[in-house]
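Visitor: next one to model:
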Amino acid sequence: MFKIGDFVKINNTNLVGKISRIKTNKNNNLYTVNIVSTNSNIIVDDKNISIINSKNNVISNKKNNVNISYNFDNSNFTNEIMIRHQTVEEALSNLEIFISKAICNNEKRIRIIHGRHGGILRKAVHKYLDTCPYILNYKLGEYYEGSYGVTIAYLK
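Guide: Next comes the predicted model:
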């Protein structure tokens with residue numbers, strides 16, 4: 001159905017990319033899609049992508065050279081991530097991947113556990129969420145949600 005070089009949209013997201021590789025297994029086809037806005041690679045099956053007609057819908061960003069590959073598996077996705085005890089760089093990288101997975105799993109609310117002590121990760125997460133185009137808004141958790149050790153974010 002799809003071929004290398006096709007421009008596709010990942011269903012239920014705003015992510016657009018170009019198919020760069022196809023892997024066939026007995027159940028379905030897996031497509032490596034290069035997301036042009038972040039220059040990252042995502043592996044999806046044919047149920048999670050749709051072809052788009054025009055190359056005008058694609059925004060290219062050649063600054064990033066990061067390639068991230070992972071499968072979206074709805075059966076074991078949870079809407080929270082624990083980034084405590086990680087460096088800021090590790091935490092933000094993991095958070096970016098987590099948000100992509102959440103979008104592909106149609107999550108509207110995610111829970112980011114960054115810990116209470118020091119506030120370095122909390123500040124870095126909030127700074128990242130301020131600039132992330134997929135985040136509608138966010139807030140610190142209520143007392144019963146983890147208080148200021150947790151950030152609750154709402155996706156568009």
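
Visitor: so residue 81: helix, strand or coil?
Guide: Residue 81 carries the three-state label strand when classified by DSSP: H, G, I helix; E, B strand; the rest coil.

Visitor: can you check residue 102 too?
Guide: Residue 102 carries the three-state label helix when classified by three-state DSSP.

Visitor: show the pLDDT at the residue nearest to it when sequence neighbours are not counted.
Guide: Distances taken as C-beta to C-beta, 6 or more residues apart in numbering place residue 110 nearest to residue 102, at 5.1 Å, with adjacent residues excluded. Placement of C-beta: from N, CA and C, glycine included. For residue 110, the model assigns a pLDDT of 93.

Visitor: do the one 5 residues further on as well
Guide: What the model reports as pLDDT for residue 115 is 87.

Visitor: next up, the contacts around it.
Guide: For residue 115, the contact set (C-beta atoms under 8 Å, 6 or more residues apart in numbering) comprises 84, 85, 121, 122, 149.

Visitor: in this structure, what spans have low per-residue confidence?
Guide: Low-confidence segments of the chain, defined by pLDDT under 70, span residues 36-39, 53-76.

Visitor: domain boundaries for it, per the record?
Guide: Taking automatic domain parsing as the domain assignment, the ranges for the chain are 7-57, 74-155.

Visitor: which residues in the chain form strands?
Guide: Counting by DSSP state E, the chain forms strands over residues 7-10, 16-24, 29-35, 40-45, 49-51, 80-82, 109-113, 135-140, 150-155, given from the N-terminal end onward.

Visitor: including mean neighbour count and distance to residue 127, could these go into JSON lines?
Guide: Converted to JSON lines, the strands of the chain look like this (neighbours: other C-beta atoms under 10 Å; distance: least, C-beta to C-beta, whole Å):
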{"stretch": "strand 7-10", "mean neighbour count": "19", "distance to residue 127": "26"}
{"stretch": "strand 16-24", "mean neighbour count": "15", "distance to residue 127": "26"}
{"stretch": "strand 29-35", "mean neighbour count": "19", "distance to residue 127": "22"}
{"stretch": "strand 40-45", "mean neighbour count": "20", "distance to residue 127": "20"}
{"stretch": "strand 49-51", "mean neighbour count": "15", "distance to residue 127": "31"}
{"stretch": "strand 80-82", "mean neighbour count": "16", "distance to residue 127": "17"}
{"stretch": "strand 109-113", "mean neighbour count": "19", "distance to residue 127": "13"}
{"stretch": "strand 135-140", "mean neighbour count": "14", "distance to residue 127": "11"}
{"stretch": "strand 150-155", "mean neighbour count": "19", "distance to residue 127": "11"}
